[in-house]
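Undergrad: Quick check, what structure comes out for this input:
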Amino acid sequence: MQQVNVNADGHQVEVRYQGSIGDFFSLTDIARYRTDEHPGYVIQNWMRNRNTIRFLGLWERLHNNLFNCIEFEAIESRSGLNSFALTPKTWIEKTGAVGIQTKQGRYAATFAHQDIAFEFASWISPEFKLYLVKDYQRLKSDENSRLSLGWNLNRELTKINYRIHTDAIKEHLVPADISSLAKSFIYANEADVLNVALFGKTARMWRDEHPDSKGNIRDEATLNQLIVLVNLESMNAELIKLGLSRPERATRLNKMAIEQIKSLTLNDGLKLLE
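TA: Model (predicted):
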């Protein structure tokens, strides 16, 4: 899990990037903007408010199919009373909420999805929330720039590595006396061996599905797909040299693509648990 700090008017707030799940802010750090001694009490006071409970419940209904609505209604009915108290841990255990997370142990802390964290920051201080949002936007802009650079680098690597692929095709698959048109068909067919192995479709099939796109199937690939494509190009070149037939190569390459994509995806998932 990637962790960074947002600087909100000189106050550091930890943010954990969790991929498609979203980014989670430390409510504990946000609460310290009001008091360093008992930030947990600040969070609990916020969660006593009926409007807060309704907001949290709506967020969960929109994002969490397993949210326990019956327990939520019971909590909502008691919220706002003088005797009502609710901790993040109790909220999670009773409703199955995913928008708030707790970290136990020596460095115990409460984290919440950015939507919820910004709502909490508004309750703490509208001015503080503005500082928090502005620096978060700066971080996301920097992150997108890094991702774009990584994607472009891997796209260039696939183009460079493709020379190894085409050299193997030229040396082992293209007859010396074949026409230029026939050669182009061979190269295109071999490119589609990789496309089908990785994307499950040929370049022509992709174009038919995306008639308005200015790029091609590889221009629209994800960063992980480009990483795997580089490996597939090298592997196919070696399999061609070994004399394997196209169906045999296609089967092996598809198995390799599935395993590597799964490995990269699993690695991303493991980062979320760190």
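
Undergrad: Leu229 sits in which helix or strand?
TA: Using DSSP states H and E, Leu229 sits within helix 223-241.

Undergrad: Now the element after that helix, going C-ward?
TA: Toward the C-terminus, helix 223-241 is succeeded by helix 246-273 as the next helix or strand (DSSP H and E).

Undergrad: So Ala188, which state does it fall into?
TA: Here Ala188 is helix, with the state taken from DSSP: H, G, I helix; E, B strand; the rest coil.

Undergrad: what sits against it?
TA: Shown in contact with Ala188 (C-beta atoms under 8 Å, 6 or more residues apart in numbering): Ala203. Quick note: C-beta positions are derived from backbone N, CA and C, even for glycine.

Undergrad: ok, now with 7 Å
TA: If a contact means C-beta atoms under 7 Å, 6 or more residues apart in numbering, then Ala188 has no contacts.

Undergrad: Same check on the one 4 residues further on?
TA: Neighbour list for Asp192: 202-203 [criterion: C-beta under 7 Å, 6+ apart].

Undergrad: Asn195 belongs to a strand, doesn't it?
TA: No: applying three-state DSSP, one finds Asn195 to be helix, outside a strand.

Undergrad: Run a quick check on it versus Met205, I expect a contact.
TA: No: counting by C-beta atoms under 7 Å, Asn195 stays clear of Met205, with 8.6 Å between them.

Undergrad: Looking at those two, which one has more neighbours?
TA: Taking neighbours as other C-beta atoms under 10 Å, Asn195 and Met205 compare with Asn195 leading, 23 against 15.

Undergrad: Quickly note the distance from that one to Ala257.
TA: To Ala257, Asn195 is 10 Å away according to C-beta to C-beta, to the nearest Å.

Undergrad: for stretch 37-54, which positions count as buried?
TA: In terms of neighbour count (16 or more other C-beta atoms under 10 Å), stretch 37-54 has its buried residues at 39, 42-44, 46-48, 52-53.

Undergrad: Which members of those residues are positioned in strands?
TA: Applying DSSP state E to the buried residues of stretch 37-54, no entry is found in strands.

Undergrad: Among those residues, which one lies nearest to Trp91?
TA: Nearest to Trp91 among those is Met47, at 6.8 Å by C-beta to C-beta.

Undergrad: residues in contact with the closest one?
TA: By C-beta under 7 Å, 6+ apart, the contact list for Met47 reads 86, 91.

Undergrad: Which stretches in this protein count as strands?
TA: Using DSSP E, the strands of the chain run over residues 2-8, 11-17, 23-26, 100-103, 109-113.

Undergrad: and Ile240, which of these is closest to it?
TA: strand 2-8 (39.1 Å).

Undergrad: Isn't Ile92 up against Ile100?
TA: Yes: using C-beta under 7 Å, Ile92 is in contact with Ile100, at 6.2 Å.

Undergrad: Between the two, tell me which one has more neighbours.
TA: For Ile92 versus Ile100, the count of surrounding residues by other C-beta under 10 Å is larger for Ile100: 24 against 16.

Undergrad: Quick check: beta-bridge partners of that one?
TA: Taking DSSP bridges as the rule, Ile100 bridges to Ala112.

Undergrad: how close does it get to Ser245?
TA: From Ile100 to Ser245 the distance is 55 Å (C-beta to C-beta).

Undergrad: Residue ranges in the stretch 101-250 of the chain under the pLDDT threshold?
TA: Along the stretch 101-250 of the chain, the model assigns pLDDT under 70 to residues 141-185, 187, 214.

Undergrad: What segments of the stretch 1-150 of the chain are helices?
TA: Here the stretch 1-150 of the chain has its helices, by DSSP state H, counting those that start in this stretch, at 27-31, 39-47, 50-63, 69-78, 88-95, 114-124, 126-172.

Undergrad: For Ala31, give its distance to Asn82.
TA: Distance, Ala31 to Asn82, by C-beta to C-beta: 22 Å.

Undergrad: higher neighbour count, these two?
TA: Neighbours per residue (other C-beta under 10 Å) separate Ala31 from Asn82, with Ala31 holding more: 24 against 6.
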